[in-house]
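Enquirer: next comes the sequence, and after it the predicted model I'd like to discuss.
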Amino acid sequence: MNSIFNYLRGDEYPNQTRAQSHRHKFSHLFESLKLFFKYLSRVIKHLFPSFISASSILFIILLTDVVLLEFVVYRVGLFSGRYFKVLSERDLVAFWPLAATSIAYIIINALMKSIKDFITNLLSIVWRKYITLSLHDNYFNSKNFYYLQHQVGFSEETLSILIDGNHSAKSKTLNRRSLGVQNSIEPILGEINGLEPCSNDFDQKNVILDNPDQRITQDVKSLCISIANIVPLILISPFVIGWYGYQTFITVGYSGPLAVVVYFLVWAVINGPLTAPIARVIYKQDKKEGDFRFKHMNLRINAESIAFYDSSQNELNKMNETFNELLNISYRRNWKELILKLFINLSQYFGGILAYLVLAIPIFTHVYDDYSPTDLAQLISNYSFKCQYLIYLFTRLYDTLNEISSIVGNTKRVGELMEKMKKNVEQNSNIERKKLIDHNDDLCLQLENFSLKIPDDKRKILIDNLNFKFKKGENVLISGRSGCGKTSLFRCINGLWNSYSGQIRYFVDPNEIFFLPQNSYFTSGSLFEQISYPSSKKVLDIDSSKKIIEWLREFGLSHLLEKVNSDLNMFSEFNWSVILSEGEKQRLSFLRVLYHKPKFALLDEFTSSVDQETEALMYEYLSKIECSFMSIAHRDTVKKYHQIELKFTNERNYDIINLNAIN
């Protein structure tokens with residue numbers, strides 16, 4: 001068990017030995033238990049949100065059913081002895097009532113077992129619902145899905161986001177995790193990812209999470225199923241074991257329960273060291289499962305690009321390499337479980353004769369000489385059942401260690417995710433941008449002494465000491481070589497990155513700034529939902545419908561109407577990202593700007609895949625809706641649509657060019 005918590009806390013490294021005092025070991029075990037129960041407490045709060053919640057009621061019903069089921073099993077187990085007595089005595093009068101009673105109990109037993117399985121599955125579904133919906137709320141809160149997928153983090157930085165033009169606004173200090181930096185409490189993740197364990201320079205909140213999607217979709221499901229299956233059994237096992245122990249005691253004395261306890265402890269000592277390593281293997285296998293699934297998902301998303309490169313063999317090799325890593329872990333787990341199950345099965349079969357060995361002592365010492373053969377046969381049958389069921393109860397309790405190791409691993413993964421998302425929400429709430437109180441009619445935003453760094457451990461500076469004003473009615477072209485920080489600047493303005501010093505002063509509500517990212521994204525749903533995105537509005541009025549149809553025809557997208565039978569609200573099952581070309585994606589996503597009509601827009605290479613005629617039409621429409629914009633572009637042909645050019649020349653340097661004077 002200590003090894004399980006070593007794994008949980010992550011303090012065991014491969015090929016690393018350390019001499020620890022007994023005091024340190026106890027301290028280590030205490031910290032491991034403390035960490036586990038910390039994660040478990042987070043999970044339990046979601047499992048039982050209130051005393052009158054559906055999960056609480058179902059859990060009470062399940063406990064009641066399990067208790068009653070044990071009573072029924074006990075009664076059914078005694079029927080064999082009664083049948084021995086009735087049949088030995090050829091008592092037909094007693095036989096029929098006994099047969100009717102036993103059949104009734106068997107029906108009740110089957111019914112209650114079915115109800116137990118039904119409620120167990122239902123409870124796991126309800127728990128999964130509670131946890132998953134809560135995780136989804138946090139996953140999409142404060143753009144957690146972005147930070148977790150990209151593992152974006154930042155070291156301690158002093159930054160100021162002025163939203164009201166007030167020069168006296170205080171700077172806010174954030175503690176952010178650097179990308180790629182591993183926490184000292186997470187060496188097992190470092191082992192999995194091939195990283196070296198780091199020193200204790202980082203606290204527990206700097207956890208690097210692998211596969212957050214798998215933690216939500218798979219680990220939560222496994223955790224809920226495991227808890228629903230074993231927790232009721234663990235809760236009632238002490239009472240049931242006590243009852244059967246007492247029954248064996250009154251039959252053969254202290255030797256009955258003592259023999260069972262000694263028997264169980266012997267096999268527990270043998271099986272214990274075989275159980276702990278499985279938890280670590282399960283954790284690694286889950287991680288490899290996520291990597292393998294991601295490979296297939298990546299292939300599906302980039303199928304066309306891979307086909308153009310004709311790199312099928314290369315991708316096949318990488319896919320099989322990932323799969324082989326998963327297979328190796330699976331083989332290791334299977335071998336470890338084989339040895340464990342071998343000894344578990346041996347303990348179960350040896351338990352089958354233990355009752356007779358114990359009962360042989362009082363029988364051969366003439367304790368039961370006054371019993372008739374039929375009464376002795378009934379006693380042997382009843383005691384055999386009680387003893388074997390007591391062994392079964394101990395074995396069942398021990399077998400749950402397999403499930404417990406799974407619960408430990410899944411609780412760790414789900415608890416880490418909950419904790420990390422909570423940290424992100426708290427950190428982002430510190431820099432939440434509020435609506436403007438005092439504003440400047442001539443400005444949208446202003447950058448003052450703005451220096452941008454890449455949010456990783458190297459902290460490379462992309463932009464140094466930038467001072468710039470984005471004025472209303474003045475369109476800004478942002479240009480420069482690839483990788484100089486153009487898109488990164490947009491990320492900072494949007495709030496995705498905070499790895500900068502200086503000030504970003506907003507003179508409009510930041511929510512009024514419309515961002516059109518470089519990679520067009522399309523959600524599931526109707527054609528109207530693609531155009532109105534990110535709005536959740538699904539009802540389209542007649543005037544808007546006419547405008548959208550006109551835009552589709554104007555930008556050469558009228559053929560999309562044919563795909564939806566000229567019904568903009570028709571739900572489409574096909575994948576928009578797959579059926580659209582890159583040019584169509586840019587044109588369709590541009591219609592979002594026309595639909596929302598923002599006063600300010602930040603556009604990232606939104607015309608890179610269209611011809612110059614369509615490009616001119618896009619800028620013309622931006623002028624029609626009176627939208628001031630900052631756009632990232634590489635073509636010189638777009639300069640005529642801008643008044644100012646912010647050009648990043650070489651590393652850290654920039655020029656501000658008045659394009660009106662040049663034009």
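Expert: On my side now, so go ahead.

Enquirer: where does the prediction get shaky in the stretch 301-450 of the chain?
Expert: Along the stretch 301-450 of the chain, segments meeting pLDDT under 70 span 304, 348, 401-402, 429-438.

Enquirer: what segments of this structure are strands?
Expert: For the chain, applying DSSP state E gives strands covering 157-162, 172-174, 443-453, 461-471, 476-480, 500-506, 513-516, 600-604, 628-632, 644-648, 654-658.

Enquirer: list the buried residues of the fourth one.
Expert: It stands for strand 461-471. Neighbour-count burial for strand 461-471 flags 462-464, 466, 468-471 (criterion: 16 or more other Cβ atoms under 10 Å). To be clear about C-beta, it is placed using only N, CA and C from the backbone, and glycine gets the same treatment.

Enquirer: from the contact counts, what lies against it?
Expert: strand 443-453, helix 486-494, strand 500-506, strand 628-632, strand 654-658 (3 or more Cβ pairs under 8 Å, 6 or more residues apart in numbering; DSSP states H and E).

Enquirer: mind putting the ones you listed into TSV with distance to residue 572 and mean neighbour count?
Expert: As requested, the helices and strands packed on strand 461-471 are exported to TSV (distance: least, Cβ to Cβ, whole Å; neighbours: other Cβ atoms under 10 Å):
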stretch	distance to residue 572	mean neighbour count
strand 443-453	36	20
helix 486-494	29	21
strand 500-506	37	21
strand 628-632	30	23
strand 654-658	44	14
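
Enquirer: nearest to residue 99, out of those?
Expert: helix 486-494 (76.9 Å; Cβ to Cβ).

Enquirer: the closest residue to residue 448 other than its chain neighbours and residue 274, how far apart?
Expert: Excluding its sequence neighbours, the residue lying closest to residue 448 (Cβ to Cβ, 6 or more residues apart in numbering) is residue 503, at 4.3 Å. Using Cβ to Cβ, to the nearest Å, residue 503 is found at 60 Å from residue 274.

Enquirer: likewise residue 544?
Expert: On the measure of Cβ to Cβ, residue 544 and residue 274 end up 67 Å apart.

Enquirer: so where's the stretch 451-600 of the chain uncertain?
Expert: For the stretch 451-600 of the chain (pLDDT under 70), the answer is 457.

Enquirer: circling back: any chance of the helices and strands packed on strand 461-471 in JSON lines, plus distance to residue 144?
Expert: JSON lines is the format used below for those (distance: least, Cβ to Cβ, whole Å):
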{"stretch": "strand 443-453", "distance to residue 144": "22"}
{"stretch": "helix 486-494", "distance to residue 144": "15"}
{"stretch": "strand 500-506", "distance to residue 144": "21"}
{"stretch": "strand 628-632", "distance to residue 144": "26"}
{"stretch": "strand 654-658", "distance to residue 144": "32"}
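
Enquirer: burial of residue 281, as a residue count?
Expert: Residue 281: 20 surrounding residues under other Cβ atoms under 10 Å.

Enquirer: what does residue 622 give?
Expert: Around residue 622 there are 21 residues (other Cβ under 10 Å).

Enquirer: for it, give me the pLDDT.
Expert: In this model, residue 622 is scored at 93, pLDDT.

Enquirer: which residues sit in contact with it?
Expert: 475, 593, 601, 629, 641 (Cβ atoms under 8 Å, 6 or more residues apart in numbering).

Enquirer: ok, and the closest non-adjacent residue to the last one?
Expert: By the measure of Cβ to Cβ, 6+ apart, the closest residue to residue 641 outside its immediate chain neighbours is residue 619, 4.1 Å from it.

Enquirer: from residue 601, how far off is that neighbour?
Expert: 12 Å.

Enquirer: and residue 559, by the same measure?
Expert: Relative to residue 601, and taking Cβ to Cβ, residue 559 is found at 27 Å.

Enquirer: please say which of these two ends up with more neighbours.
Expert: Between residue 559 and residue 601, counting by other Cβ under 10 Å, residue 601 is the more crowded of the two (23 against 10).

Enquirer: count of neighbours near residue 581?
Expert: 10.

Enquirer: check residue 286 too.
Expert: 23.

Enquirer: ranges for the helices of the stretch 501-650 of the chain?
Expert: Remark: helices assigned in the stretch 501-650 of the chain by DSSP state H, counting those that start in this stretch are 527-532, 542-554, 559-563, 576-579, 582-596, 612-624.

Enquirer: next one: the stretch 101-250 of the chain
Expert: 144-150, 187-193, 212-214, 220-252.

Enquirer: export these as JSON lines, with columns for mean pLDDT, distance to residue 268 and mean neighbour count.
Expert: Formatted as JSON lines, the helices of the stretch 101-250 of the chain follow (pLDDT from 0 to 100; distance: least, Cβ to Cβ, whole Å; neighbours: other Cβ atoms under 10 Å):
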{"stretch": "helix 144-150", "mean pLDDT": "81", "distance to residue 268": "40", "mean neighbour count": "17"}
{"stretch": "helix 187-193", "mean pLDDT": "31", "distance to residue 268": "26", "mean neighbour count": "18"}
{"stretch": "helix 212-214", "mean pLDDT": "87", "distance to residue 268": "33", "mean neighbour count": "19"}
{"stretch": "helix 220-252", "mean pLDDT": "88", "distance to residue 268": "14", "mean neighbour count": "19"}
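
Enquirer: looking at these, which is nearest to residue 308?
Expert: Residue 308 lies closest to helix 144-150 among those, at 25.7 Å (Cβ to Cβ).

Enquirer: alpha carbons of the closest one, as CSV, please.
Expert: What follows is helix 144-150, C-alpha atoms only, in CSV (Å, rounded to 0.1, in the frame of the first residue of the first chain):
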residue,chain,number,x,y,z
ASN,A,144,-9.2,26.7,-19.5
PHE,A,145,-9.5,24.5,-22.5
TYR,A,146,-6.9,26.7,-24.2
TYR,A,147,-4.4,26.8,-21.4
LEU,A,148,-4.7,23.1,-20.6
GLN,A,149,-4.4,22.0,-24.2
HIS,A,150,-1.5,24.4,-25.0
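
Enquirer: ok so, going back, any chance of the buried residues of strand 461-471 in TSV with distance to residue 75 as columns?
Expert: As requested, these are exported to TSV (distance: Cβ to Cβ, whole Å):
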residue	distance to residue 75
462	76
463	79
464	82
466	82
468	83
469	85
470	81
471	86
